[in-house]
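K.L.:
Model the following, please.
(one chain, ligands or ions: 1)
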Amino acid sequence: MNSTRHRLIRELNRLASTSATSSAPSAPQTTAQSTAAASATQQSNKIPSSSYATSTCPHMMDVASVAVNSRLHPAATAAHIQQQAPPTIKLENARPYSEVPGPKPLPILGNTWRVFPIIGQYKISDVAMISFLLHEHFGRIVRLGGLIGRPDLLFVYDADEIEKVYRNEGPTPFRPSMPSLVKYKSELRKDFFGDLPGVVGVHGEPWREFRSRVQKPVLQLSTVRRYVTPLEQVTEEFIDRCNQMLDHNKELPDDFDNEIHKWSLECIGLVALDTRLGCLEPNLSDNSEPQQIINAAKYALRNVATLELKAPYWRYFPTPLWSKYVNNMDYFVKVCMKYIKNATKRMNLGEGRALDGEPSLLERVIKSQKDERLAVVMALDLILVGIDTISMAVCSILYQLATRPVEQQKVYEELKRIMPDPNTPLTYQLLDQAHYLKAFIKEVLRVYSTVIGNGRTLQEDTVICGYRIPKGVQCVFPNLVTGTMEEYVTDAKSFKPERWLKPSQGGTGDNLHPFSTLPYGYGARMCLGRRFADLEMQILLAKLLRSYKLEFHHKPLKYVVTFMYAPEGALKFKMTPRE
Ligand code: HEM
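P.N.:
Predicted coordinates:
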């Protein structure tokens, strides 16, 4: 255990002993609850070489209705249905909110001070660890109150209760969202965003209207399928580039994560802007447009955590960090406008980008909605949340593959069977057969959830874990913790892609509570880019692993949160051609 963890445990022990309510969490408990604390202690000790990171990841807080069960192991769903539902308690019989356990806010200073520099005991990157420790010390529901300029955070570690909240969220779910982006869209650039502000950081009717106008084209399979070949081309270029970057040990460079960012930006440019941005060109200069977009994306997203948790003073006056954030956002808007205007021009000239008769996503949106600004806002949202999420997920998946040779070999064997000739062009049907590869991705997202939690702001008073939780409280559902809890996942500490397979495919039939691990969220607000995310990741892995073996011969990397949860350090993978 590292010293940060010791320090946090000491502090939480102290808090637990001083908290007015922490010693008496006598709210109604499920049978499994009695063992939760013990299992959580065990769990946080066992999670390998990870430092934990921010559960208040702004993306999770902000990022929509498609059945979740389609992504789940059928056996898991069946097992879940057999579980006992939590007791239903009426609002009037529930225990008061004030009794929810949690660290006690200090007078005047509240709890925000805990993430201040020097005097505060937590770094933003500690927040995931805090999420584990809060569970360990306070149980299945924890209140973190007294935060400057924001409502209380309520951590819920009970998958049945999480399910209840999701299922009752109504037609306009409210994800506690980046207030900084809300301010940018609804105040600073109201002139541009007006009554169509997009989905990210937008709520209520404006969110519902925007989402309903873009959801169909973004999620429909025919649109997504159209991108297999273009995304395969991008990925082939990326792999060629990787080859050129190998050193004398056949290892990739220290800043390989930046290269993955370039690949993901090139992919998102293709999808959201109908453009090849040129990110994979060799010798990209620091002031080139693609590199500037990458920098702007990293900045815009990663500083949201700091802006919102650590330095929320921009709410009251424009701080330097806020001004920089605004400049970055303005830059994004400008870039999106430029490329969407180009796409409209091409369409007007009859030079559209249809493939096999299928128009591009952008063409579909511009044609059906007859609104260029809507397309700009959609592209902006997709880019804003699509680059970092997928890049970080890929960093994490590649690292897991490189350090798990047995599983990597299984992925390779499967790919070899599906594509005996490595140069076989990819199709949706071929990818559909890559069951183990997909299961591997799901398992990485369970154990190392890139977006470490999701959230909902309650729109009415609700009973959670026997407490009456008032409307307006922000619930946090910490995937990273619940996805690795023994009570919800059989043999939760073991990395077993097979748990996601059907028995006919060699699956283990393990129990897996569907609401314990939801990497793309759930319901009407579920991730809008998930089909593209899955496709991009599958294409990259299929192309790369069919032809190369990946190894990692360096000190194990720790998982931390910058914005997303991913391994920190040089991803110096060794790439060796197969056969
Ligand atoms: C592995 C990669 C990704 C992960 C783990 C991920 C995860 C998430 C999560 C957890 C949410 C919140 C859902 C909810 O509130 O229930 C979300 C929302 C969203 N995601 Fe993703 N995402 C990924 C990739 C992408 C990509 C590539 C795009 C764009 C192409 C994208 C676009 C969005 C958008 C626009 C939202 C907001 C939806 C709304 O609020 O209506 N995501 N994502």
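K.L.:
Break down the stretch 51-200 of the chain into its strands, ranges please.
P.N.:
141-144, 153-156 (DSSP state E, counting those that start in this stretch).
K.L.:
and the ligand, which of those strands is closest to it?
P.N.:
Closest to the ligand of those is strand 153-156 (Cβ to the nearest ligand atom; 14.2 Å). C-betas here are computed from N, CA, C, even on glycine.
K.L.:
so how far is that closest one from its chain's centroid?
P.N.:
In terms of Cα atoms, centre = their mean, to the nearest Å, the centre of strand 153-156 is found 18 Å from the chain centre.
K.L.:
mind checking which of the strands of the stretch 51-200 of the chain is nearest residue 367?
P.N.:
strand 153-156 (42.5 Å; Cβ to Cβ).
K.L.:
any residues touching the closest one, and which ones?
P.N.:
For strand 153-156, the external contacting residues (Cβ atoms under 8 Å, 6 or more residues apart in numbering) are 55-56, 100, 131, 134-135, 140-145, 147, 162, 165, 464-465, 469, 473-478.
K.L.:
change it to 7 Å
P.N.:
Strand 153-156 has contacts (Cβ atoms under 7 Å, 6 or more residues apart in numbering) with 56, 131, 134, 141-144, 147, 162, 464, 469, 473-478.
K.L.:
For that strand, which strands pair with it and how are they oriented?
P.N.:
If you go by DSSP bridges, strand 153-156 pairs up with strand 141-144 (antiparallel), strand 474-477 (parallel).
K.L.:
Would you mind putting these into CSV with mean pLDDT, mean neighbour count and distance to the ligand alongside?
P.N.:
Conversion of the strands paired with strand 153-156 to CSV gives the following (pLDDT from 0 to 100; neighbours: other Cβ atoms under 10 Å; distance: least, Cβ to the nearest ligand atom, whole Å):
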stretch, mean pLDDT, mean neighbour count, distance to the ligand
strand 141-144, 92, 25, 20
strand 474-477, 91, 26, 9
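K.L.:
Relative to residue 252, which of the ones you listed is closest?
P.N.:
strand 474-477 (34.9 Å).
K.L.:
does whichever helix or strand comes after that closest one come close to the ligand?
P.N.:
Sequence order places helix 479-482 as the next helix or strand after strand 474-477, per DSSP states H and E. No: in terms of Cβ under 6 Å from any ligand atom, no part of helix 479-482 sits within range of the ligand; the closest distance is 7.9 Å.
K.L.:
Might you enumerate the residues of the stretch 251-400 of the chain proximal to the ligand?
P.N.:
Within reach of the ligand by Cβ under 6 Å from any ligand atom, the stretch 251-400 of the chain has these residues: 268, 381, 382, 385, 386, 389, 390, 393.
K.L.:
re the thing from before, could I get the strands paired with strand 153-156 as TSV with distance to residue 519?
P.N.:
Below are these laid out as TSV (distance: least, Cβ to Cβ, whole Å):
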stretch	distance to residue 519
strand 141-144	22
strand 474-477	11
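K.L.:
closest one to residue 284 among the ones you listed?
P.N.:
Per Cβ to Cβ, nearest to residue 284 of the strands paired with strand 153-156: strand 474-477, 37.9 Å.
K.L.:
Only alpha carbons, please: show the closest one as PDB.
P.N.:
C-alpha atoms of strand 474-477 as PDB (Å, rounded to 0.1, in the frame of the first residue of the first chain):
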ATOM      1  CA  GLN A 474     -26.200  14.600  -7.100                       C
ATOM      2  CA  CYS A 475     -25.900  10.800  -7.000                       C
ATOM      3  CA  VAL A 476     -22.600   9.300  -8.000                       C
ATOM      4  CA  PHE A 477     -22.600   5.700  -9.200                       C
END
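K.L.:
ok, residues contacting that strand?
P.N.:
55-56, 151-156, 162, 165, 176, 453-458.
K.L.:
With stretch 532-542 instead?
P.N.:
Stretch 532-542 is contacted from outside by 224, 227-228, 231-232, 235, 267, 271, 389-390, 393-394, 397, 415, 426, 431, 434, 437-438, 441, using Cβ under 7 Å, 6+ apart.
K.L.:
avg pLDDT for stretch 88-106?
P.N.:
For stretch 88-106, the mean per-residue pLDDT is 87.
K.L.:
Among the residues of the stretch 251-400 of the chain next to the ligand, give me the pair with the biggest separation.
P.N.:
381 and 393 (18.1 Å).
K.L.:
For residue 213, which non-adjacent residue is closest in space?
P.N.:
Excluding the flanking residues, the one nearest residue 213 by Cβ to Cβ, 6 or more residues apart in numbering is residue 369, at 5.7 Å.
K.L.:
so what's the backbone phi/psi at the one you found?
P.N.:
Torsion angles at residue 369 (phi, psi; degrees, to the nearest 10) stand at phi -100, psi -20.
K.L.:
Could you point out the longest helix of the protein?
P.N.:
Counting by DSSP state H, the longest helix found in the chain is helix 372-402.
K.L.:
Using CSV, write out every CA atom in stretch 187-202.
P.N.:
Listed next in CSV are the C-alpha coordinates belonging to stretch 187-202 (Å, rounded to 0.1, in the frame of the first residue of the first chain):
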residue,chain,number,x,y,z
GLU,A,187,-24.3,32.4,-20.7
LEU,A,188,-21.0,33.3,-22.4
ARG,A,189,-21.9,32.0,-25.9
LYS,A,190,-25.6,32.1,-25.7
ASP,A,191,-25.4,34.0,-28.9
PHE,A,192,-24.2,30.9,-30.7
PHE,A,193,-25.8,28.0,-28.8
GLY,A,194,-29.2,29.7,-28.3
ASP,A,195,-32.0,27.3,-28.0
LEU,A,196,-30.1,24.3,-29.4
PRO,A,197,-27.2,24.0,-27.0
GLY,A,198,-26.4,20.3,-27.7
VAL,A,199,-26.4,17.4,-25.2
VAL,A,200,-23.3,17.8,-23.1
GLY,A,201,-24.0,20.1,-20.2
VAL,A,202,-27.6,20.6,-21.3
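K.L.:
Residue 379 is in contact with residue 340, correct?
P.N.:
Yes: assessed by Cβ atoms under 7 Å, residue 340 is found in contact with residue 379 at 6.3 Å.
K.L.:
next SSE after the helix or strand containing residue 292?
P.N.:
Counting by DSSP H and E, the element that carries residue 292 is helix 289-305. Sequence order places helix 320-348 as the next helix or strand after helix 289-305, per DSSP H and E.
K.L.:
List phi and psi for the residue lying farthest from the centre of the chain.
P.N.:
The outermost residue of the chain, judged against the average C-alpha position, is residue 349 (38.8 Å), by Cα atoms, centre = their mean. The phi/psi pair for residue 349 (degrees, to the nearest 10) reads phi -90, psi 0.
K.L.:
Which one of residue 340 and residue 379 is surrounded by more residues?
P.N.:
Between residue 340 and residue 379, residue 379 has the larger neighbour count (other Cβ atoms under 10 Å), namely 30 against 26.
K.L.:
least confident pick among the residues of the stretch 251-400 of the chain next to the ligand?
P.N.:
Lowest confidence among those: residue 385, with 85.
K.L.:
okay, now it: neighbour count?
P.N.:
Residue 385 has 24 nearby residues by other Cβ under 10 Å.
K.L.:
From residue 325, how far off is it?
P.N.:
Distance of residue 385 to residue 325, given as Cβ to Cβ, to the nearest Å: 15 Å.
K.L.:
circling back to that earlier point, residue 260: which of the strands paired with strand 153-156 is closest?
P.N.:
strand 474-477 (27.3 Å).
K.L.:
Bridged to residue 143, which residues?
P.N.:
Beta-bridge pairing of residue 143 under DSSP bridges involves residue 154.
K.L.:
Am I right that it is in contact with residue 103?
P.N.:
No: applying Cβ under 7 Å, one finds residue 143 not in contact with residue 103, separated by 8.6 Å.
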